[in-house]
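Peer 1: can you look at this prediction? I've put the sequence above it.
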Amino acid sequence: MTSSVYQQAIKELAQAAHGSGRLDHPDGAARLDNPLCGDRVDLTVSLAGEVIAAVAHETRACLLCRAAASLLGLTAPGRSPSEMRAATAALEAMLNSAAVLSPEWQALAVFAPVAAYPSRHGCVLLPFQALQAALQGKPQ
Amino acid sequence: MSLIEQLRAQFPFYAAANPCHYLDNAATSQIHQQALAAMAGQEASRANVHRSPYRLAEASTHAYGEARARVARFLNAAANDEVVFTSGATAALNLVAYSVGETLQAGDEVLISAAEHHSNFVPWLRLRERSGIRLRVLPLLPDGRIATASLAELVTERCRLIAITHCSNVTGAVTDVAAVVAAARKVGALVLLDGAQQVQHGPVDVQMLGADFYAFSSHKCFGPTGVGVLWGRQAVLERLPPFMTGGGMVGEVSLESLSFAAPPARFEAGTPPVAQAIGLGAAVDWLMTLPWAEIHQAESALLARLLAGLATFPAVRLIGPADLARRLPIVSFEVRGIHPHDVCQVLGERQVALRGGNHCAQPLFAALNSAGATRASLALYNDAADVDALLAGLEDALKVLS
């Protein structure tokens, strides 16, 4: 059985659920919903100086959203908030206008097949948007 | 040529090179060729209605009036003027919430059910915020049917209106309207039926139903998007204030005084969706010619095939009645451990058109302890191949997503 979207790498990311959970003493927190499908991401983030020390998320969502949250949990720690803002913009551009990813963010390419399905873009973006919301007002 | 082949031949959708297995009819049905042609004909050479005496304008006014007459026949309304054109069922329901709402006092009660689409839930929440009405909610039985046995307890002397779905857009369960109307009559309350799902499955007799208002959308009964209907009992419409205001709905206007036109004009402010209404008129005209007993039998057989097929999947939980009585072929189901959007995505790749999520009915899903469902909704042009494609696709989805 094949699917253009649900490739092994996406399924493995969702299965691994990197960064799943909740931080006890976060510096920022956000809950984001997609009211159309009921997806929900509760995200907590802590900072160490100018970089993200840890991200944890509780994601009740479709496989694409869970895979995106997992990738976020894997890649965000050690990055600065502005780097993650750039990652979110790169992901959005790839989905909306097939923009080519920089070598730094090749990991996001796993979601490239989703570009053909605009109704699913929000699923992939939700965890990244939750991180942006949790970081609002924090040092960039 | 079978009946379904004859029906399909009348839909441009099925003339396309690769039509999908379209099972999302509860969201939007395909448009009938007669509706499309009527609408295109009107737009190709058009004028506004109710305004000017030149020939083109008179033709528009006549065609718009004829569309109203056709809808009135489709609903078996007592008079054409009981038909108000709106932009859709949502606008029709909001019209009632605002116009009836304006006549209510704080403490008056409106009864809805937990099965309502947001378009018949949110307007009442907003009215409660504006006017201090009390909102009561009929609960659901475990199979998603509305617990009409609770009417006796929930319809009080303060009840002014019962606003309830004729058929759920999630479970397919058809409401026991007779019980609702009887309960309302005991206390002098009005009854509003949301018929958005029902009209696709045949003409409706509003006089037999006994309600005071009936709302539906054109795009769910093979007509164009952008138009819908509020039917209202004439005596009830006459005593209601308008919702939207503007041109075409007034009697006399000055700084000192304001009076309103009689219904239906009172509720049709501004230029109406003329071409869409004419398209809808053509659609319902066609619906009235169909052999409904035969179509219902075919729909019921397909529904049984779908329910039996779903029952073979241990991971599937039906959200709605499992029997065939008093229900339409709208079938929602959960697949354990798999999100509805993932199911829909895999099925979509296999050319099976479904919808997943909470279907604008969050209170229903909360009541049934569900996070969302995948929905297949059948219409008169669906056949066994459509249902079988769904069932085969579901098997694939389980393999792809597990």
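Peer 2: Yes, it's here.
Peer 1: ramachandran coordinates for whichever residue of the stretch 251-400 of chain B sits closest to chain A?
Peer 2: Proximity of the stretch 251-400 of chain B to chain A (Cβ to the nearest Cβ) peaks at B:H339, 3.7 Å away. Where C-beta positions appear, they are placed from N, C-alpha and C, glycine not excepted. Main-chain dihedrals, B:H339, degrees, to the nearest 10: phi -70, psi 140.
Peer 1: and what of B:P273?
Peer 2: Note on B:P273: its backbone torsions stand at phi -80, psi 80 [degrees, to the nearest 10].
Peer 1: just give me the neighbour total for it.
Peer 2: Neighbourhood size, B:P273 [other Cβ atoms under 10 Å in any protein chain shown]: 23.
Peer 1: quick check, it in contact with B:F85.
Peer 2: Yes: taking Cβ atoms under 8 Å as the definition, B:P273 is a contact partner of B:F85 at 6.7 Å.
Peer 1: which one is the residue in the stretch 51-200 of chain B positioned nearest to chain A nearest to, not counting chain neighbours?
Peer 2: Here the stretch 51-200 of chain B gets closest to chain A at one residue, B:H118, 9.8 Å apart by Cβ to the nearest Cβ. Nearest residue to B:H118 in three dimensions, chain neighbours excluded: B:C360, at 4.4 Å (Cβ to Cβ, 6 or more residues apart in numbering or on different chains).
Peer 1: please identify the helix or strand for that neighbour.
Peer 2: Secondary structure assignment for B:C360, by DSSP states H and E: no helix or strand.
Peer 1: residue contacts, it?
Peer 2: Taking Cβ atoms under 8 Å, 6 or more residues apart in numbering or on different chains as the criterion, B:C360 is in contact with B:117-119, B:169.
Peer 1: pull the number of nearby residues for the closest residue to B:G246 other than its chain neighbours.
Peer 2: Nearest non-adjacent residue to B:G246, counting by Cβ to Cβ, 6+ apart: B:A269, 3.8 Å away. Neighbourhood size, B:A269 [other Cβ under 10 Å]: 18.
Peer 1: also B:S131?
Peer 2: Counted with other Cβ under 10 Å, B:S131 comes out at 16.
Peer 1: kindly report the same for B:A38.
Peer 2: Counted with other Cβ under 10 Å, the neighbours of B:A38 add up to 26.
Peer 1: with adjacent residues omitted, what lies nearest to the residue of chain A found nearest chain B?
Peer 2: Of all residues in chain A, A:C62 sits closest to chain B, at 3.7 Å by Cβ to the nearest Cβ. The spatial neighbour of A:C62 that comes closest, neighbours along the chain excluded (Cβ to Cβ, 6+ apart), is B:H339 at 3.7 Å.
Peer 1: surely B:V331 is in a strand?
Peer 2: Yes: B:V331 forms part of a strand when assessed by DSSP: H, G, I helix; E, B strand; the rest coil.
Peer 1: residues of chain A that sit close to chain B?
Peer 2: In this structure, chain A approaches chain B at residues A:1-6, A:11, A:36-39, A:60-64, A:117, A:120, A:123, judged by Cβ under 8 Å from any Cβ of the partner chain.
Peer 1: of these, buried ones?
Peer 2: Neighbour-count burial (16 or more other Cβ atoms under 10 Å in any protein chain shown) applied to the residues of chain A next to chain B gives A:3, A:5-6, A:11, A:37-39, A:61-64, A:117, A:120, A:123.
Peer 1: among these, which are located in strands?
Peer 2: Those of these mapping onto strands are A:D39, per DSSP state E.
Peer 1: closest to B:G356 among the buried ones among the residues of chain A next to chain B?
Peer 2: When these are compared for distance to B:G356 (Cβ to Cβ), A:C37 wins out at 6.9 Å.
Peer 1: pLDDT wise, what is the closest one at?
Peer 2: At A:C37, the pLDDT value in this model is 76.
Peer 1: quick one, what contacts it?
Peer 2: Taking Cβ under 8 Å, 6+ apart, we find A:C37 in contact with A:61-62, A:123, B:339-341, B:356-358, B:372.
Peer 1: one more time with 7 Å
Peer 2: By Cβ atoms under 7 Å, 6 or more residues apart in numbering or on different chains, A:C37 lies in contact with A:62, B:341, B:356-357, B:372.
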